[in-house]
Structures are given as C-alpha cells and as structure tokens.
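Novice: Sequence and predicted structure are below.
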Amino acid sequence: MNITKKLNHLDLKLIAIIKRIGRFADKHNIRAFLVGGFVRDIFLKIKNFDIDIAVDKQGINFAQFLSKKLNLKIISHQRFGTAILSLGNLKVDIATLRKEAYPYPGSLPVVREGSLADDLARRDFSVNALAVGINKDDFGMVFDHFNGLADIEHKDLRVLHDKSFLDDPTRILRLVRFAARFNFSIETKTLNLLKQARLAGALENMQKQRVREELFLIFEELEPEKAIKLLDKLYGLKFIHKNLRLAAADYQRSVKVREVCDWFEREFYSRRKIDIWLMYFIVFLSGLEVDELEAICKDFVLKRGESIRLLSFKRSQDIFKKLNKASLKPSEVYNILNPLSYEVILLFFAEIKNKQARRHIINFFKRYNLTRIKLTGNDLKKLGVRPGPRFKELLGLMFKQKLNSRLLTKYQELSALKRLIR
Ligand code: CTP
C-alpha cells in the first residue's frame with residue numbers, strides 16, 4: 001500500500017518538512033521512516049504536529065545535521081539514541097531503529113540497534129506499529145507487519161505479544177488513554193493479558209516515579225475521566241494509593257473542572273496558563289486524607305509546586321465557610337485567596353454554590369489579584385520613613401486601603417499614606 005496521496009494532503013508545513021527529511025536521508029544514504037503515533041493519526045485523520053521519524057543508523061548525528069540544515073532547535077537524549085527537534089508548534093522526534101529487551105518485568109529496556117521489523121515489534125500496540133517510507137524509492141510505502149491497519153479500521157487496540165504489559169506495565173495506562181481518546185475497543189486477548197498483568201500487580205510492583213509520566217499524560221487528555229473510569233474498571237486504582245476509590249460523582253467533578261478552566265481562559269486569557277492536568281489529578285485524589293496525599297507526593301516524586309497545590313486544596317477546605325460571608329472586605333477576600341494558586345482557587349470555584357462566595361472569587365480574579373500600589377519605597381523615604389519594619393508595615397496598610405477604598409491614582413495613594421503616617 002502506498003499513501004503518497006494522503007501525505008500530500010497533510011498540512012503544508014508538515015509535508016514540506018517530511019520531504020526535506022527524506023531528501024536529506026537519501027543524500028546521506030540513510031533509510032528513514034515515519035513511525036508511531038504520527039502514522040496512526042494520518043489514518044485516523046487526526047491532526048498531529050509531532051512527527052516521529054526512525055532512521056536505520058546514527059539517529060543523533062542525522063538529527064544534528066538536520067537541525068542545522070532546517071534551522072530547528074535540538075533537544076537530544078543520547079541514552080536511547082533519540083533526539084527531538086522543534087520549530088514553533090512542530091516537533092520532530094528522530095530515533096535510530098532499535099531492538100529492545102527487558103531483563104526483568106518492569107525494568108528499563110536494554111536497547112540495541114535493530115531493523116525496521118525489530119523496531120516495529122518492540123512497540124506497544126499494533127495501531128502504533130506502522131511505518132511509512134520517506135526515501136525517494138519508497139516514499140509513501142506503508143510497512144504494516146502487525147496488521148495495524150486492520151485494527152485501525154476495526155477500532156481495536158491490540159498488543160503485539162503476550163509479555164507486553166509485563167515488560168512495560170505503563171502500557172496499561174497507554175491502553176486506557178488511547179481507548180478513551182479514540183473510542184477504540186480492546187481486543188479480547190489483550191484484555192486477558194491485562195487481567196494477568198493485574199493479578200501479577202504489574203503497576204504496583206513498579207517504582208511509582210516511573211508510572212508518573214504516563215499517568216499524568218492521561219490527565220492531559222481532553223476528557224481524562226473516561227480513561228480513569230476505564231482504568232478503574234479494568235485494572236483498579238490501588239497502584240496510585242491503596243485507599244483510592246472513585247464514585248460517579250468524582251467523574252462529574254472533572255466536567256466541572258473543564259467548565260471553570262474554559263471560563264477562566266475566556267475571561268482572563270492574558271494570565272498564566274492553568275495546569276488543568278494537575279487540577280484533574282487533585283480532584284481525583286481529593287477523597288484521600290492529608291497524610292495519604294503526602295505519601296503520594298513522596299512516592300511519585302512530585303515537584304515542589306505540584307505537591308504544594310495538591311496538599312493546599314485539601315488543607316484549605318475551610319474556605320467554603322470563610323467565603324460564605326457577604327460582609328467580607330476586599331482585603332479579607334484577598335488574604336484568604338492570595339496564598340492559594342489559581343488551580344486551587346478554580347477548584348473551589350467549581351464546587352462553591354453560594355452566590356456571594358462566587359462573587360468574592362470573581363472579584364479576586366478581576367480586581368484584587370491585579371492590584372499593585374503605585375507608590376514606591378522612594379515616596380516613603382521622601383516622607384521621612386526610614387527603611388525597616390515600619391516601612392513594610394506602611395506598605396501593607398497602603399495595599400489594604402487601596403483594595404478596600406479603591407484608590408486609583410498615585411495622588412490618592414499619597415494622601416492616604418500621609419494620613420497613615422500622621
Ligand atoms: N511506544 C511504545 N511503548 C511505550 C511508549 C511508546 O511502544 N511505552 C511507542 C509507540 O509506538 C508510540 C511511539 O513509541 O506510538 C511514540 O510514543 P509517544 O510519543 O509516547 O506516543 P504517541 O503514540 O505518539 O502518543 P500521543 O498521540 O499521545 O503523543
């Protein structure tokens with residue numbers, strides 16, 4: 001089968017770069033193939049700007065030459081002979097064709113150079129084990145050693161061999177992620193192998209740190225609750241924490257998370273980007289106790305900022321009560337919300353029903369959070385205040401006044417400051 005026509009229908013920027021890579025490979029006597037998710041998505045007619053390329057030798061050198069020739073930024077990982085090039089929203093992954101062996105279940109693979117057949121055979125699912133030639137003599141030629149095309153057509157996910165999940169248990173997470181994303185079924189034998197992996201405790205026996213990346217990729221999906229629900233059904237969630245249990249209402253909360261994030265991005269598009277994946281993660285774990293969450297932070301080796309946000313949502317549950325008062329002054333609302341991250345505040349916003357409390361949060365985002373005093377230390381010095389604790393105290397009081405009395409101009413601030421000093 002040859003899909004040159006399909007390739008020519010890709011985004012202009014994509015096909016131009018693929019052709020240039022192919023020509024460049026010809027010149028250096030290298031065989032190059034499109035592989036992995038990029039090929040799968042061509043057949044699924046899904047836009048994908050992450051091009052996966054495999055070459056038969058010297059992937060890193062090839063990537064280095066290519067980056068100079070095409071003016072692409074290079075980020076390389078020598079370890080598996082792979083390199084990533086980037087150009088705006090486009091990413092090109094270059095790898096040398098390889099064979100993998102797993103010394104023991106769940107270990108990191110030992111990697112050697114291999115043939116195209118080896119490289120396709122080491123992959124997770126048949127739909128991800130397709131290759132397309134991009135050299136001149138086989139441009140557009142599809143290499144389908146594992147009947148991936150038929151599986152794409154039948155919307156089936158199928159592993160390539162019986163030890164697949166035991167070799168690399170993170171594939172269990174990839175399985176539910178792809179099944180949910182593409183609305184694919186799981187082939188019967190694959191389902192049985194998954195059950196065996198569950199009985200063997202494949203994910204539980206793995207270092208949680210190594211599971212983290214694939215788990216977080218689930219939360220980066222558009223509707224992660226679908227994959228999590230499937231994961232719960234087919235494998236269970238105890239590998240995250242033994243006490244983690246989810247009910248129908250927890251999946252509903254994920255829809256709310258999406259709604260508040262959409263709202264935030266519409267209203268406040270110039271603010272920093274929200275880590276929505278972390279919000280989903282926090283929501284799904286919110287039934288656990290603080291010490292259980294602390295254990296997760298440690299086991300999964302979460303980054304400091306991630307741990308802080310995860311724990312602060314649980315630790316600040318009294319916010320519902322605190323914000324329910326109509327009589328709160330802006331500075332009081334500010335003091336309640338400012339220590340929290342946008343993600344955590346939005347999680348509360350998703351759940352708070354009380355109208356007054358909702359208004360406080362909207363005001364925080366719209367006004368209080370943007371409030372800055374115009375006066376500087378120099379203005380204080382000019383009025384005879386010497387740097388020290390009093391200095392800080394005055395600036396704090398000024399800020400409070402600015403929030404509560406809506407001082408707009410620097411002149412208004414100055415008058416207020418003078419009154420404070422007096
Ligand atoms: N792969 C694998 N086993 C893994 C991870 C990756 O076999 N545990 C292979 C698959 O063939 C996959 C390719 O490496 O298609 C690229 O991996 P990745 O970029 O993670 O997956 P994509 O399929 O591109 O997924 P996505 O669409 O989510 O980017």
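Specialist: Great, that's in hand.

Novice: for the residue of the stretch 251-400 of the chain found nearest the ligand, what are its contacts?
Specialist: Residue of the stretch 251-400 of the chain nearest the ligand, by Cβ to the nearest ligand atom: residue 277 (13.0 Å). Glycine gets a C-beta too; all of them are placed from N, C-alpha and C. Residue 277 is in contact with 216, 219, 220, 224, counting by Cβ atoms under 8 Å, 6 or more residues apart in numbering.

Novice: Take these and, keeping just the buried ones, write it as a PyMOL select command.
Specialist: To isolate the buried ones among the contacts of residue 277 in PyMOL, judged by 16 or more other Cβ atoms under 10 Å, type:
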select buried, resi 216+219+224
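
Novice: Export the contacts of residue 277 to TSV and append columns for secondary structure and distance to the ligand.
Specialist: Compiled in TSV, these are given as follows (DSSP: H, G, I helix; E, B strand; the rest coil; distance: Cβ to the nearest ligand atom, whole Å):
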residue	secondary structure	distance to the ligand
216	helix	12
219	helix	12
220	coil	8
224	helix	13
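
Novice: can you put the contacts of residue 277 in JSON lines and add pLDDT?
Specialist: Below are the contacts of residue 277 laid out as JSON lines (pLDDT from 0 to 100):
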{"residue": "216", "pLDDT": "95"}
{"residue": "219", "pLDDT": "96"}
{"residue": "220", "pLDDT": "95"}
{"residue": "224", "pLDDT": "96"}
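
Novice: Give me the pLDDT value at residue 77.
Specialist: pLDDT for residue 77: 68.

Novice: Roughly how far does residue 44 sit from residue 125?
Specialist: According to Cβ to Cβ, to the nearest Å, residue 44 stands 13 Å off from residue 125.

Novice: With residue 410 instead?
Specialist: From residue 410 to residue 125 the distance is 63 Å (Cβ to Cβ).

Novice: between residue 44 and residue 125, who's got more neighbours?
Specialist: The residue with more neighbours, out of residue 44 and residue 125, is residue 125; 25 against 15, by other Cβ atoms under 10 Å.

Novice: hmm, back to that, show me the contacts for the closest residue to the residue of the stretch 251-400 of the chain closest to the ligand other than its chain neighbours.
Specialist: Of all residues not flanking residue 277 in the chain, residue 219 sits nearest, at 3.8 Å (Cβ to Cβ, 6 or more residues apart in numbering). For residue 219, the contact set (Cβ under 8 Å, 6+ apart) comprises 276, 277, 278, 280, 281.

Novice: Sheet partners, orientation included, of the least confident helix or strand in the chain by mean pLDDT?
Specialist: Least confident helix or strand, the chain: strand 73-77 with a mean of 76, by mean pLDDT, DSSP states H and E. Applying DSSP bridges to the sheet, strand 73-77 is found paired with strand 82-87 (antiparallel).

Novice: what pLDDT, on average, does the partner strand get?
Specialist: The model assigns strand 82-87 a mean pLDDT of 86.

Novice: list the buried ones in the next helix or strand after that strand?
Specialist: Note on strand 82-87: by DSSP states H and E, the next helix or strand toward the C-terminus is strand 90-96. By 16+ other Cβ under 10 Å, the buried positions in strand 90-96 come out as 91, 92, 93, 94, 95, 96.
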